[in-house]
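Enquirer: Starting from these lines, generate the structure:
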Amino acid sequence: MASIFRTPAARMLAMAGPRSLMKQVATPVFRPAMIARMNVAPRVGVAAFHTTKKMLIFPAGPQVIEGDVNTPAPVPDANPVHGSYHWSFERIVSAALIPLTIAPFAAGTLHPITDAVLAATVVIHSHIGFQACIIDYFPKRTMAGLHRFMRWFLNGCTALVLLGLYEFETNDVGITEAIKRIWKA
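Expert: Model prediction:
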């Protein structure tokens with residue numbers, strides 16, 4: 001009864017006697033499936049347990065080790081821009097955003113100087129954040145050219161945003177009034 005439910009190829013293999021006969025019977029039956037499977041998935045030079053292929057966005061940077069095991073790491077020169085002053089300036093700008101954002105809406109005053117200070121603080125805060133992203137993702141040590149390009153691109157975009165906000169403040173309603181109008185719309 002079990003042979004009724006078997007496929008014809010499985011029945012032929014079950015009935016085959018010696019190994020050579022089984023090889024002759026099984027080879028023509030399973031060969032097209034094996035060839036089709038080999039043509040569908042091209043072989044990649046990766047171990048068998050990997051489930052995805054290796055996709056590199058950027059090639060690996062230079063893998064150079066200077067010195068030997070006993071050579072100490074060089075101590076960087078003191079730079080006041082990259083240290084406690086920089087960290088303190090970031091915190092002051094972030095803390096200044098809280099009252100600058102709330103004051104125009106809570107007090108009901110729409111003064112252009114408050115608007116200008118808010119716009120400048122938001123742009124400086126964004127510039128510092130994007131600058132940190134560039135430093136993290138495009139390290140100067142390994143991608144010097146791309147790092148330099150991204151820094152110049154950020155500086156250009158920051159200048160363009162400042163110019164746009166200046167035009168918006170002087171020739172239009174300003175940031176806080178625009179937010180009030182959008183909020184009530």
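
Enquirer: Now do the buried residues in the helix ranked longest in the chain.
Expert: Ranked by residue count and defined by DSSP state H, the top helix of the chain is helix 144-171. Residues 147, 150-151, 154, 158, 165, 169 are the ones in helix 144-171 that count as buried (16 or more other Cβ atoms under 10 Å). (Each C-beta comes from the backbone N, C-alpha and C, glycine too.)

Enquirer: As JSON lines, the residues you listed with distance to residue 115 and pLDDT would be great.
Expert: Formatted as JSON lines, the buried residues of helix 144-171 follow (distance: Cβ to Cβ, whole Å; pLDDT from 0 to 100):
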{"residue": "147", "distance to residue 115": "34", "pLDDT": "95"}
{"residue": "150", "distance to residue 115": "30", "pLDDT": "96"}
{"residue": "151", "distance to residue 115": "29", "pLDDT": "97"}
{"residue": "154", "distance to residue 115": "24", "pLDDT": "97"}
{"residue": "158", "distance to residue 115": "18", "pLDDT": "98"}
{"residue": "165", "distance to residue 115": "9", "pLDDT": "94"}
{"residue": "169", "distance to residue 115": "6", "pLDDT": "90"}
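
Enquirer: Could you report the neighbour count for the closest residue to residue 58 other than its chain neighbours?
Expert: Leaving aside its chain neighbours, residue 58 sits nearest to residue 143 (7.9 Å; criterion: Cβ to Cβ, 6 or more residues apart in numbering). For residue 143, the neighbour count with other Cβ atoms under 10 Å is 16.

Enquirer: With residue 88 instead?
Expert: 10.

Enquirer: Which secondary structure state does it sit in?
Expert: Per DSSP: H, G, I helix; E, B strand; the rest coil, the secondary structure class of residue 88 is helix.

Enquirer: domain parsing for this protein?
Expert: 2-40, 84-184 (automatic domain parsing).

Enquirer: Of the ones you listed, which stretch is the most buried?
Expert: domain 84-184 (a mean of 13; mean count of other Cβ atoms under 10 Å).

Enquirer: Give me every residue in contact with the helix or strand that contains residue 104, excluding its own residues.
Expert: Using DSSP states H and E, residue 104 maps to helix 84-107. Residues outside helix 84-107 that contact it (Cβ atoms under 8 Å, 6 or more residues apart in numbering) are 80, 109-111, 114-115, 117-118, 121-122, 124-125, 128, 176, 179-180.
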